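Visitor: the sequence and its predicted three-dimensional model are supplied below.
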Amino acid sequence: MRRKKVLIIDDSALVRRILKKFLEDLGLEVDTAKDGEEGIKKALENDYDIITVDIEMPKKGGLDVIKEIMDKKPTRILVISAYSTEDAEVTLKALDLGALGYITKPGTLGATLQQIEKEIKEKIKEILDVPKFKILMNKNKALKLKQDFDKLDNLKIENFQAKDDLKYVLIGASTGGPRLIETIVKVLPENYPYSLCVVQHMPVNFTKKFAERLDSISKLKVVEASNGEEVVTGKVIIGKGGWHLHFARRSSDNMVICKLAPNTAKRFFVPSVDEMFFSALEVMNPKNIMAVLLTGIGDDGADGMVALKKAGAYTIAESEETAIVYGMPKEAYLRGGAVKVLPFPKIVEEILKFGAKDGVHRV
């Protein structure tokens, strides 16, 4: 059986050595490139199962490297970079270009080498599970999916008649999620009646930039979660990196507000989808909740979705057809937590219909 091959593109010799050791421990055959130009050359001449790319490099930066590789020879790509607040926007652009994930470079953000090693190995295994047809856009199935997504990008809603009750849309996602979340907030009309609360697995410095980016393309107000943030009509709240998104009732008027909770349960993902789902169950009427679980590794959100469904919430898991990584939604389905299992474009329709009085009229 052929060993899977990985290419590390990074201008730091020390980082290349550290990453090489991590990945050889996984049984991978490892090749390295010292800059962007060498990385592109090797990527186009060889068949790699996954490529790691730094963002800041001499000769050719990481964004240019990703773009050229994805244009000429689409491959699974993981960004491994030294994050700062400024890097967040750049790395979100890398995801737009086709990178499947992002992770902190060893030696940054004060994390121990052991913590970084565990995270990198988990992310590499996760991305290696992404089917090739979801990377190679010349496959018929992938082309069809791309066409469906393109239709969503251009979807216009006419005469949207919003419901006038009070309900909540809760969404969880991991790898492959940012683009899906962007699509949802871009499509929703300005008079969408419900609040959306989103937990997207992201590093600490990313969620504020992500929320700002979403706010710039959405007709609704998009904010990063903060203590006391009101969960009200027509607002999208993005869970804050490094904190769990919980809810509470304000004593003065009984309004639902956000609470930032520390990771006392020692969950791997912070924020965690399960933490949001279980907290919502304690504060909101479950019959007023739509819970959606999108692409991602592992099972975060699956147990919470089971509990929500049992309590009467409307729960939807993304289908294998469109999920970049069919982990979280698959576990929700297998454990009996999904009322429906749908491809992503159908999920967008369900979110729209959830807030519409008499269906959705397109133009």
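Guide: Looks like it came in fine.
Visitor: how near is the residue in the chain sticking out farthest from the centre to residue 230?
Guide: Distance from the C-alpha centroid of the chain peaks at residue 252, with 35.1 Å (C-alpha atoms, centre = their mean). Counting by C-beta to C-beta, to the nearest Å, the gap from residue 252 to residue 230 is 12 Å. All C-beta atoms are positioned from the backbone trio N, CA, C, and that covers glycine.
Visitor: now residue 237
Guide: Counting by C-beta to C-beta, the gap from residue 237 to residue 230 is 9 Å.
Visitor: check residue 247 too.
Guide: Distance of residue 247 to residue 230, computed by C-beta to C-beta: 11 Å.
Visitor: got it, and residue 293?
Guide: Per C-beta to C-beta, residue 293 is found 25 Å from residue 230.
Visitor: okay, the two: which has more neighbours?
Guide: Neighbour count, other C-beta atoms under 10 Å: between residue 293 and residue 230, residue 293 has more, with 34 against 15.
Visitor: so that one touches residue 316, yeah?
Guide: Yes. Using C-beta atoms under 8 Å, residue 293 is in contact with residue 316, at 7.4 Å.
Visitor: pLDDT score for the residue farthest from the centre of the chain?
Guide: With respect to pLDDT, residue 252 scores 93.
Visitor: helix, strand, or coil at it?
Guide: coil (DSSP: H, G, I helix; E, B strand; the rest coil).
Visitor: what about it, distance to residue 228?
Guide: Separation of residue 252 from residue 228 (C-beta to C-beta) stands at 11 Å.
Visitor: how about the most centrally placed residue in the chain: what's its closest non-neighbour residue?
Guide: When C-alpha atoms, centre = their mean is applied to the chain, the residue found nearest the centroid is residue 177 (2.6 Å). Closest residue to residue 177 apart from its sequence neighbours, by C-beta to C-beta, 6 or more residues apart in numbering: residue 200 at 5.0 Å.
Visitor: then residue 308?
Guide: In space, residue 308 is closest to residue 291, 5.0 Å off (C-beta to C-beta, 6+ apart).
Visitor: the one you found contacts residue 170, doesn't it?
Guide: Yes. Assessed by C-beta under 8 Å, residue 291 is found in contact with residue 170 at 4.7 Å.
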